[in-house]
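Asks: Kindly generate the corresponding structure for this input.
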Amino acid sequence: MHPSNKRCERAGPPNRRCVPRRSRRSVHPPACRPLPRFRRACRRRLRSGTGEGSSCGTRVGHPHVFDLVREMKCRGRGVGTASAEWYRIGCARAEGSSPRRSRRVASRWVGIPAPEGPESQRRHSMSTESGRSRKFLFIPIPVVVVIAFVVLGVALRYTVFAPDPIEVQVEPVARGLVESTVTNSKAGTVEARRRSRIASEIGGRVIAITHREGARVVAGEALVKLSRVSHAAQLELAIQGVAVAAAGFEDACLRRDRAQREHARTERLAANNIASEDRLDEFQFRFDSARVECDGARAEFARAKAQRLAADAELRKTVIVAPFSGVIAEVNVELGEWVTPSPPLLTSPPVIDLIDPTSIFVSAPMDEVDSGAIRAGLSVKLTIDSRPGETFMGSVLRVAPYVLDAEAQNRTLEIEVAIDDPAISESLLPGTSADAEVILEAVDRVLRVPASALLQNQRVLVLVGGELVERSIEIGLRNWQFAEVRTGLEEGEKIVVSLDKLEIEAGARAVARDGGPGNDS
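Replies: Residues are numbered from 1 along each chain as shown. Okay, here's the model as predicted:
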């Protein structure tokens with residue numbers, strides 16, 4: 001590269017300003033090549049005093065041209081076609097003509113001072129000021145139009161076409177109770193600790209049903225009666241057998257006593273040598289036989305009495321009675337039906353299902369991960385499906401000593417919960433579904449927010465001055481209803497709890513559902 005070109009690149013302005021306007025559309029990058037050619041031509045003319053091929057002719061030594069070339073040689077700031085332009089202007093002035101200036105004068109690129117003379121300085125200053133004004137004030141009309149449309153669109157977006165505020169439901173941050181709880185993994189069941197499914201011990205036909213479902217009975221009260229004719233006859237036979245056995249026992253005992261007396265008398269006679277030894281042996285044998293017969297009669301009498309007791313027991317089995325006081329839950333027989341006792345190892349439907357309402361409790365399966373935190377005595381909140389909208393308090397009565405693995409993927413720990421109010425427990429029906437919420441820890445009078453207002457990463461939306469503002473908070477204890485707020489919120493601030501719309505986000509305009517915009521209070 002020619003040294004003058006390097007000097008042009010070091011001292012001159014950016015390349016965009018090195019070429020006239022007409023050359024900006026050129027595909028080739030701007031260059032400063034005309035400058036060396038112009039300077040070489042000027043040097044030749046200055047040395048020779050001729051200007052062949054130039055419009056200056058022999059008048060190239062005119063002061064204007066000479067000063068121009070000298071300034072350009074000294075400053076070395078002329079660039080490209082701009083220098084040629086100044087050369088053309090200088091030659092025209094030397095010939096006494098007024099050349100038409102190009103749109104861009106050379107002073108914009110080379111910064112050459114104005115020629116001497118008032119008129120030249122005036123024209124030079126006017127062209128310089130005009131160039132500067134065009135440089136700094138000229139903005140293309142399309143750009144102005146685009147900027148105007150953008151500004152207008154933004155103004156209309158936030159005025160005329162601004163969307164209506166979103167209606168949101170809010171709740172104020174308040175103080176209250178927050179509990180840390182665990183709930184059952186599957187539905188629990190209301191059960192009765194004392195529940196008797198009574199079956200018949202003997203076969204027979206039902207002749208009477210004294211109580212129906214829901215009736216309260218006391219211990220020993222008759223519930224169902226079976227036919228007792230055959231069993232009564234058996235009892236009568238047993239009674240007669242006892243009488244016969246008693247008579248035989250009495251007769252045998254009398255014979256024994258008589259044989260004993262005869263044996264004693266014969267023994268005295270033999271001692272006085274009146275009776276022989278054979279006679280004594282005979283009476284001894286009679287006495288022993290009578291004693292054996294008496295013992296046999298005694299055993300027969302005892303057997304007869306036992307048979308009578310058995311017959312009496314069989315007769316009593318024809319009446320099914322309540323083993324304890326309670327409520328009849330179910331009656332599975334009707335009048336005239338034949339009932340039979342359950343065969344061994346087989347279970348038949350019970351005749352009567354009796355429940356003690358004072359022994360009602362709730363059995364709830366808890367997740368095995370909570371087994372270490374649950375212990376007997378903890379308070380429990382109970383909800384019963386048959387009593388919607390109500391919550392009952394209870395306490396953990398017993399915790400199973402093992403984890404039930406009936407399902408490999410769902411291992412549970414069974415707990416028993418006693419209901420505090422006896423009246424409530426007596427009104428519940430065994431088998432009803434129930435849910436248990438064990439309270440592990442509780443804090444009172446702390447700032448809390450509804451659990452439905454929480455976003456991910458412990459964030460909430462606060463309604464401030466009609467605008468939704470996102471706020472990061474620190475959460476303490478938490479349950480399904482509330483979460484403790486340790487930092488990030490003040491009491492009374494309005495928290496958005498309705499997050500069911502996509503447009504509810506930070507920065508959106510919103511109003512409370514009651515119609516009033518939120519504020520800092």
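Asks: Helix or strand with the lowest mean pLDDT in this structure?
Replies: Of the helices and strands making up the chain, the lowest-confidence element is helix 107-110, at a mean of 40, by mean pLDDT, DSSP states H and E.
Asks: What degree of burial does Ala302 show, as a neighbour count?
Replies: 13 (other Cβ atoms under 10 Å). C-beta here means a position set from N, CA and C on the backbone, and glycine is covered the same way.
Asks: go on, Phe249?
Replies: Residue crowding around Phe249 was assessed by other Cβ under 10 Å; the count is 21.
Asks: That one contacts Arg303, doesn't it?
Replies: No. Proximity of Phe249 to Arg303 does not meet the contact threshold set by Cβ atoms under 8 Å, at 10.7 Å.
Asks: burial measure for Asp421, as a count.
Replies: 11.
Asks: and if you look at Phe361?
Replies: For Phe361, the count of nearby residues is 22 (other Cβ under 10 Å).
Asks: how about low-confidence regions in the protein?
Replies: In the prediction, the chain carries residues with pLDDT under 70 at positions 1-138, 154-163, 275, 344-346, 406-409, 514-521.
Asks: Could you point out the helix or strand that follows the longest helix along it?
Replies: Taking residue count as the measure and DSSP state H as the definition, the longest helix of the chain comes out as helix 229-271. From helix 229-271 onward toward the C-terminus, using DSSP states H and E, the following helix or strand is helix 277-316.
Asks: got the angle for that following helix vs helix 229-271?
Replies: Angle, helix 277-316 to helix 229-271, by axes from the mean of the first three to the mean of the last three Cα atoms, to 10 degrees: 160 degrees.
Asks: Buried residues, helix 277-316. List them.
Replies: Buried positions in helix 277-316, judged by neighbour count with 16 or more other Cβ atoms under 10 Å: 280, 283, 286-287, 290-291, 293-294, 297-298, 300-301, 304-305, 307-308, 311-312, 314-315.
Asks: Who are the packing partners of that helix?
Replies: Counting by 3 or more Cβ pairs under 8 Å, 6 or more residues apart in numbering; DSSP states H and E, the packing neighbours recorded for helix 277-316 are helix 229-271.
Asks: Wait, Leu477 touches Glu484, no?
Replies: Yes. Counting by Cβ under 8 Å, Leu477 touches Glu484, with 4.6 Å between them.
Asks: quick one, phi psi at Val182?
Replies: When read as degrees, to the nearest 10, the backbone of Val182 gives phi -130, psi 150.
Asks: ok, now which ones touch the nearest residue to it once chain neighbours are set aside?
Replies: Among residues not flanking Val182 along the chain, Asp370 sits closest, at 4.5 Å (Cβ to Cβ, 6 or more residues apart in numbering). With contact set as Cβ atoms under 8 Å, 6 or more residues apart in numbering, Asp370 has these partners: Val182, Leu413, Val438.
Asks: just Leu454 next, same as before
Replies: For Leu454, the set of contacting residues under the criterion of Cβ under 8 Å, 6+ apart consists of Val460, Ile475, Ala483.
Asks: Dump stretch 418-431 to CSV, keeping only the CA atoms.
Replies: Only the C-alpha atoms of stretch 418-431 are listed here, as CSV (Å, rounded to 0.1, in the frame of the first residue of the first chain):
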residue,chain,number,x,y,z
ALA,A,418,-59.9,-42.9,69.9
ILE,A,419,-62.6,-40.2,69.5
ASP,A,420,-62.7,-37.7,72.4
ASP,A,421,-66.5,-37.2,72.4
PRO,A,422,-68.4,-40.4,73.4
ALA,A,423,-71.6,-39.0,71.9
ILE,A,424,-69.9,-38.7,68.5
SER,A,425,-68.4,-42.1,68.6
GLU,A,426,-71.7,-43.8,69.5
SER,A,427,-73.4,-42.1,66.5
LEU,A,428,-70.8,-43.4,64.0
LEU,A,429,-71.4,-46.6,62.1
PRO,A,430,-68.6,-49.2,61.8
GLY,A,431,-67.3,-49.6,58.3
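Asks: can you pull the buried residues of it?
Replies: Along stretch 418-431, these residues count as buried under the neighbour rule (16+ other Cβ under 10 Å): Ala418, Ile419, Ile424, Ser425, Leu428, Pro430.
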